[in-house]
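>>> okay, predicted coordinates and the sequence, questions at the end:
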Amino acid sequence: MTVPLLELERVSVDRGGTRVLDGVSLSIQPGEMLGLVGESGSGKSTLARAALRLVEPTSGAVRWRGRDLLAFTPRELRATRRKMQIVFQDPATSLDPRMTVAASVAEPFEVHRLGAPAERADRVARLLRRVELGPELLHRYPHELSGGQAQRVALARALATDPALLVADEALSALDVSLRAQMANLLLDLRAEAGIACLLVSHDLRLVASICDRIAVLAGGAVVHLGPASRIATDAHHPAALALLAAARHN
Amino acid sequence: MLRVRDLRVSFGGPGGRFAALDGISFEVARGEALALIGESGSGKSTVALSLLRLLPEDAHASGSVELLGEDLLELSEASMSRVRGSSIAMVFHDPLAAMNPVLRIGTQIAEGLRAHGHADRATATAAAIELLRTVGLAKDAARRYPHELSGGMRQRALIAAALACGPSLLVADEPTSALDAVTQRHVAALLQKVRRERGIGLVLATHDLELAAELCDRIAVLYAGRIVERGALSDVFSRPRHPYTAGLLRSLPPPLGDPPARLVPVPGSPPPAWARPSGCAFRDRCSRALPDCASAAPELIGSGGREVACFHPVEAA
């Protein structure tokens, strides 16, 4: 077995005296699409943040390519963060309202001092094309974008640093049916073309099952099911997984 | 019970006024549930808000919205306040924004009852607790503030508030889109239950095809401010005739157990309301489009309650 891209080992997170994540072990391989599903309050978003060390685990280990992420120096952490990017549910709150699309997508180059300033405009244009947006959007502000366009800009920004892992925290949930399918295909394309692994956090089991390799079901802060996406309907037995299945099977 | 005729709504924008709704007509019989399906910008929320006359100040609405024989667009603001809640009530998609954050849940519901002159304070409070029980909330929810409830509980409380004055029509705008999948099913089941028990009509504005299938008898598909297809929901879903309806249905993820595969979205995205193309507004995204699609916007035509607005509809198999 190859070294996992990211590995959580018995990770727990306490918040305000409550255990929101309880001894979670989970790994994601390079290029893997891993779905993380669960009801509100199951700990999905906390897990996604703990994996990127955006929240500090109370106990347990997080390893990035086999190395202890929690022991990284601030400098190492900054270099690694380039390779792990997150896209949130609501682009309206993750994009700076005062920055144009061009400035927003170029910002990661400046923060991480990537590429010569002269090349940046060209790279921004390429990134926009990659997420299927036209150059006419370059000088727009977030309020001038549709929800679907804004989410693509957030994705372009995440792709600027050439990540190996993309965490999509309910990133498709607020989109209309057709745009959601377009974005799901885009994640599959990114994996096929650039080998980008994806941790897809969602409450929509049917969507997750249709594009992921494996699915982890979270309930009460613990992983209660983990297995191939194609077999979730037959393999899942935990009540929380069955409730999600019932909701997904409804029609 | 509800008869909407040639509803046109326009808004002011930086580039001048633009039409959000371009002549919408539909009817809802007593106790019937109609889904208005559409993507962001299709106009479905504008229809929902028009029915309660809750559009922003700069909106112009024309046509008619007849509820129980009374044209709501002609009513004075005072008369409209009387109609809102007692004949027609709204369930919004974001209950936190729809509630007063500094009032207890029970007080908010009781306030609605008292505003319509239904009860004194004590009776109204008792009625509020009874309504909360109906929507599956315990008595102590009445003492809570909105932020103390989960998203699902808040949506239940909002439904209780909407039911308070015994409306004959509920208008729901994406009532479950802010909830997780399991809670969505619970809230949908609740809407279905109260509607059936009380014989309340429903207009459901949503992009969630599965929610529509669960709650509604009939469907109207909106695209760029017009109805493009209409009929019995089971008929439209099993045999869509407008290429847009067919495309939306194809965009859904496959059933569980199928191997992972690329999804099949409708290409492109809907045009913004201020830049809709002439002719058929869907033609840029349509695989069936021919030159005549640019000539005029197709009329909604058909028979037997099944209508489509397309020059080259998908043939009925």
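The structure has been received and is ready for your questions.
>>> tell me how far the nearest residue to B:L137 once chain neighbours are set aside lies from chain A.
The shortest distance from B:L137 to any non-neighbouring residue, by Cβ to Cβ, 6 or more residues apart in numbering or on different chains, is to B:R156 (5.5 Å). In this view, the C-beta of every residue, glycine as well, is placed from N, C-alpha and C. From B:R156 across to chain A, the span is 14 Å (Cβ to the nearest Cβ, to the nearest Å).
>>> name the residues that touch the helix or strand containing B:R156?
Assigned by DSSP states H and E, B:R156 belongs to helix B:151-163. Residues outside helix B:151-163 that contact it (Cβ atoms under 8 Å, 6 or more residues apart in numbering or on different chains): A:40, B:85, B:89-92, B:95-96, B:98-99, B:105, B:108-109, B:112, B:128, B:131-132, B:134-137, B:141, B:146, B:149, B:170, B:175-176, B:178-180, B:183, B:186-187, B:190-191, B:194, B:198, B:200.
>>> contacts (any at all) between chain B and the one helix or strand A:A121 maps to?
Counting by DSSP H and E, the element that carries A:A121 is helix A:117-130. No. Residues of helix A:117-130 are not located near chain B by Cβ under 8 Å from any Cβ of the partner chain, the shortest gap being 14.8 Å.
>>> now do that helix: distance to the chain's middle.
Mean C-alpha position of helix A:117-130 versus that of the full chain (Cα atoms, centre = their mean, to the nearest Å) differs by 22 Å.
>>> buried residues in that helix?
A:R120, A:R123, A:V124, A:L127, A:L128, A:R130 (16 or more other Cβ atoms under 10 Å in any protein chain shown).
>>> and which of those residues is nearest chain B?
Set against chain B, the nearest of the buried residues of helix A:117-130 by Cβ to the nearest Cβ is A:L128 (14.8 Å).
>>> now do the closest one against A:A160, distance only.
With distances taken as Cβ to Cβ, to the nearest Å, A:L128 is found 11 Å from A:A160.
>>> and A:L5, by the same measure?
A:L5 sits 19 Å away from A:A160, going by Cβ to Cβ.
>>> that older thread, identify the contacts common to A:L128 and A:A160.
With Cβ under 8 Å, 6+ apart, A:L128 and A:A160 have common neighbours A:V105.
>>> give the rounded mean pLDDT of the biggest helix by length in chain B.
Secondary structure assigned by DSSP state H gives helix B:181-198 as the longest helix of chain B. For helix B:181-198, mean pLDDT is 92.
>>> same check, this time on stretch A:80-100
Averaged over stretch A:80-100, pLDDT sits at 88.
>>> for that stretch, which positions count as buried?
A:80-92, A:94-95, A:100.
>>> so which of the contacts of helix B:151-163 are in strands?
B:A89, B:M90, B:V91, B:L170 (DSSP state E).
>>> any idea which of those is closest to chain A?
Closest to chain A, out of all of the ones in strands among the contacts of helix B:151-163 and judged by Cβ to the nearest Cβ, is B:V91, at 18.7 Å.
>>> can you flag the buried ones in the contacts of helix B:151-163?
By 16+ other Cβ under 10 Å, the contacts of helix B:151-163 give A:40, B:85, B:89-92, B:95, B:98-99, B:105, B:108-109, B:112, B:128, B:131-132, B:134-137, B:141, B:146, B:149, B:170, B:175-176, B:178-180, B:183, B:186-187, B:190-191, B:194, B:200 as buried.
>>> measure the residue positioned nearest the centre of chain B to B:E174 for me?
Chain B has B:A205 as the residue nearest its centroid, 2.0 Å off, counting by Cα atoms, centre = their mean. To B:E174, B:A205 is 7 Å away according to Cβ to Cβ.
>>> next one: A:M99
Counting by Cβ to Cβ, the gap from A:M99 to B:E174 is 29 Å.
>>> one more: B:L290?
35 Å.
>>> looking at the two, which has the bigger crowd around it?
A count of neighbours by other Cβ atoms under 10 Å in any protein chain shown puts B:E174 above the other of B:L290 and B:E174, at 19 against 11.
>>> okay, the more buried one: pLDDT?
On the pLDDT scale, B:E174 gets 93.
>>> which non-adjacent residue is nearest it?
Once flanking residues are discounted, B:E174 sits nearest to B:H93: 3.7 Å by Cβ to Cβ, 6+ apart.
>>> correct me, but the residue nearest to the centre of chain B touches B:T176?
No. At 11.9 Å, B:A205 does not count as touching B:T176 under the criterion of Cβ atoms under 8 Å.
>>> coming back round to it: between the buried residues of helix A:117-130, which is nearest A:D189?
Closest approach to A:D189 among the buried residues of helix A:117-130 (Cβ to Cβ): A:R130, at 8.9 Å.
>>> contacts only, for the closest one.
The neighbourhood of A:R130, defined by Cβ under 8 Å, 6+ apart, consists of A:A156, A:L159.
>>> how close does it sit to A:E193?
When distance is defined by Cβ to Cβ, A:R130 is 9 Å away from A:E193.
>>> contacting residues for the closest residue to chain A within the stretch 1-150 of chain B?
Closest approach between the stretch 1-150 of chain B and chain A, counting by Cβ to the nearest Cβ: B:E39, at 4.0 Å. By Cβ under 8 Å, 6+ apart, the contact list for B:E39 reads A:D176, A:V177, A:S178, A:L179, B:H207, B:Y223, B:S269, B:P270.
>>> and the gap between the last one and A:K44?
When Cβ to Cβ is the yardstick, B:P270 and A:K44 sit 30 Å from each other.
>>> confidence score at the residue of the stretch 1-150 of chain B closest to chain A?
90.
>>> wait, a helix at it?
No. Read with DSSP: H, G, I helix; E, B strand; the rest coil, B:E39 is coil and lies in no helix.
>>> other SSEs contacting the one helix or strand A:N185 maps to?
Secondary structure assignment for A:N185, by DSSP H and E: helix A:177-194. Helices and strands touching helix A:177-194, by 3 or more Cβ pairs under 8 Å, 6 or more residues apart in numbering or on different chains; DSSP states H and E, are strand A:33-37, helix A:147-159, strand A:165-169, strand A:197-202, helix A:205-211, helix B:243-251.
>>> pick the most buried one from these.
Highest mean neighbour count among those (mean count of other Cβ atoms under 10 Å in any protein chain shown): strand A:33-37, with a mean of 27.
>>> can you give me the neighbour number for residue 192?
In the absence of a named chain, chain A is used. For A:A192, the neighbour count with other Cβ under 10 Å is 11.
>>> let me rephrase: I mean chain B.
Residues near B:Q192, counting by other Cβ under 10 Å: 15.
>>> that one reaches B:L215, doesn't it?
Yes. The criterion here is Cβ under 8 Å, and B:Q192 meets it with B:L215 at 5.8 Å.
>>> how about the helix or strand harbouring A:A106: buried residues?
Following DSSP H and E, the helix or strand that holds A:A106 is helix A:101-111. Using 16+ other Cβ under 10 Å as the test for burial, helix A:101-111 gives A:V101, A:A102, A:S104, A:V105, A:A106, A:P108, A:F109.
>>> ok, the first one - contacts?
A:V101 sits next to A:L128, A:L133, A:L137, A:L138, A:H139, A:R140, A:Y141, A:P142, A:L145, A:V153 when contact means Cβ under 8 Å, 6+ apart.
>>> and the gap between it and chain B?
Between A:V101 and chain B the computed distance is 16 Å (Cβ to the nearest Cβ).
>>> give me the distance between that residue and A:V153.
5 Å.
>>> which residues of chain B lie near chain A?
B:39-41, B:150-152, B:177, B:179-185, B:207-210, B:213-214, B:247-248, B:251-266, B:269, B:272.
>>> any of the residues you listed buried? List them.
With neighbours counted by 16+ other Cβ under 10 Å, these contain buried members at B:39-41, B:151-152, B:179-185, B:207-210, B:214, B:247-248, B:251-253, B:256, B:260, B:263-266, B:269.
>>> residues contacting residue 35?
No chain in the question, so chain A it is. Here A:G35 is in contact with A:L200, A:S202, A:V208, A:A209, A:I211, A:C212, A:R214, A:I215, A:A216, A:A229 (criterion: Cβ under 8 Å, 6+ apart).
>>> wrong one, I was asking about chain B
B:L204, B:T206, B:A212, B:L215, B:C216, B:R218, B:I219, B:A220, B:L233 are the contacts of B:A35 under Cβ under 8 Å, 6+ apart.
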